[in-house]
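Asks: no sequence on this one, just coordinates:
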């Protein structure tokens, strides 16, 4: 049953991506409305797929790369739908939905078979730790997209090339505010994920911190976003500097999430 919902999600996310990209060319309210409904329908199907996967596995389905990437895509769409409702920025979907679709397509590469849980993962912390981590990741993904849009908009202004895309994109102030809001949402969630992971590690392996590659890179990611948040709050980092750091931070985050699992084996490695 879950396989059919998975395929449906891929189709709907693909259709939503095409519609949001079409919105760049035809910024009509009808196109924007249909895009939102198609994406929202895909999101509901994605939630249903995740629920069936949970019933089949008997635990939170975030224990291999297939499940984790799927859940990452789900949280990206969830956070985006919230920001789209808050800022009425349909064009943001033209950058976010391709990312969500790409993550889902990558998840299809990895085995989807359900295997018994590793004894170390049989804990009540599994759901809390992973859900807070991916919710934070999703907020940073939106900041990444807003950062790209900010740099594009700034480029148009500096070069005085106020073409069609310039008029579609939100103002620099709105994009900078989205970046900041994502940071204030994502950073506390990432912090909670690291703290809960340390507590879980102590109960599973007898140590709060063992400098496993995943732990080390999670700390590096935390410091990158901590520096960005500190700069915004104390020295007034805004604009292009904040946008660039949001993009760099997300690249570091992707390595922490995907690169470490594939390249740096350790206690947290899974496929």
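Replies: Ah, there it is. Here the structure is a predicted model, which means the values were calculated and not measured. Residues are numbered from 1 along each chain as shown.
Asks: so which bits of the helix or strand hosting residue 143 are buried?
Replies: Taking DSSP states H and E as the definition, residue 143 sits inside helix 125-158. For helix 125-158, the neighbour count (16 or more other C-beta atoms under 10 Å) marks 126, 128-153, 156 as buried. Every residue, glycine included, has its C-beta placed from N, CA and C.
Asks: kindly report the same for stretch 211-221.
Replies: Buried residues in stretch 211-221, defined by neighbour count with 16+ other C-beta under 10 Å: 212-218, 221.
Asks: show me where pLDDT drops low in the stretch 151-271 of the chain?
Replies: The stretch 151-271 of the chain contains residues with pLDDT under 70 at 161-164, 166, 204-209, 263-271.
Asks: circling back to that earlier point, and the buried residues of stretch 211-221, which of them are in strands?
Replies: Among the buried residues of stretch 211-221, none falls in strands (DSSP state E).
Asks: from the residues you listed, pick the one nearest residue 65.
Replies: residue 214 (13.0 Å; C-beta to C-beta).
Asks: could you redo the buried residues of stretch 211-221 as JSON lines and give each row distance to residue 4?
Replies: Output for the buried residues of stretch 211-221, formatted as JSON lines (distance: C-beta to C-beta, whole Å):
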{"residue": "212", "distance to residue 4": "37"}
{"residue": "213", "distance to residue 4": "37"}
{"residue": "214", "distance to residue 4": "33"}
{"residue": "215", "distance to residue 4": "38"}
{"residue": "216", "distance to residue 4": "40"}
{"residue": "217", "distance to residue 4": "36"}
{"residue": "218", "distance to residue 4": "35"}
{"residue": "221", "distance to residue 4": "35"}
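Asks: among the residues you listed, which one lies nearest to residue 182?
Replies: Closest approach to residue 182 among these (C-beta to C-beta): residue 221, at 14.5 Å.
Asks: from residue 253, how far off is the spatially most central residue of the chain?
Replies: Taking C-alpha atoms, centre = their mean as the criterion, residue 138 is the residue nearest the geometric centre of the chain, at 2.6 Å. From residue 138 over to residue 253 the distance is 11 Å, taken as C-beta to C-beta, to the nearest Å.
Asks: one more: residue 131?
Replies: With C-beta to C-beta as the criterion, residue 131 and residue 253 are 16 Å apart.
Asks: what of residue 173?
Replies: In terms of C-beta to C-beta, residue 173 sits 25 Å off from residue 253.
Asks: these two: who's more crowded?
Replies: Between residue 173 and residue 253, counting by other C-beta atoms under 10 Å, residue 253 is the more crowded of the two (24 against 10).
Asks: now the host helix or strand of that one and helix 125-158, what's the angle there?
Replies: Counting by DSSP H and E, the element that carries residue 253 is helix 239-254. Helix 239-254 and helix 125-158 are oriented at 150 degrees to each other (axes from the mean of the first three to the mean of the last three C-alpha atoms, to 10 degrees).
Asks: and the helix or strand following helix 239-254, what's buried?
Replies: Per DSSP H and E, the first helix or strand lying C-terminal to helix 239-254 is helix 260-263. Neighbour counts over helix 260-263 (16+ other C-beta under 10 Å) mark 260-261 as buried.
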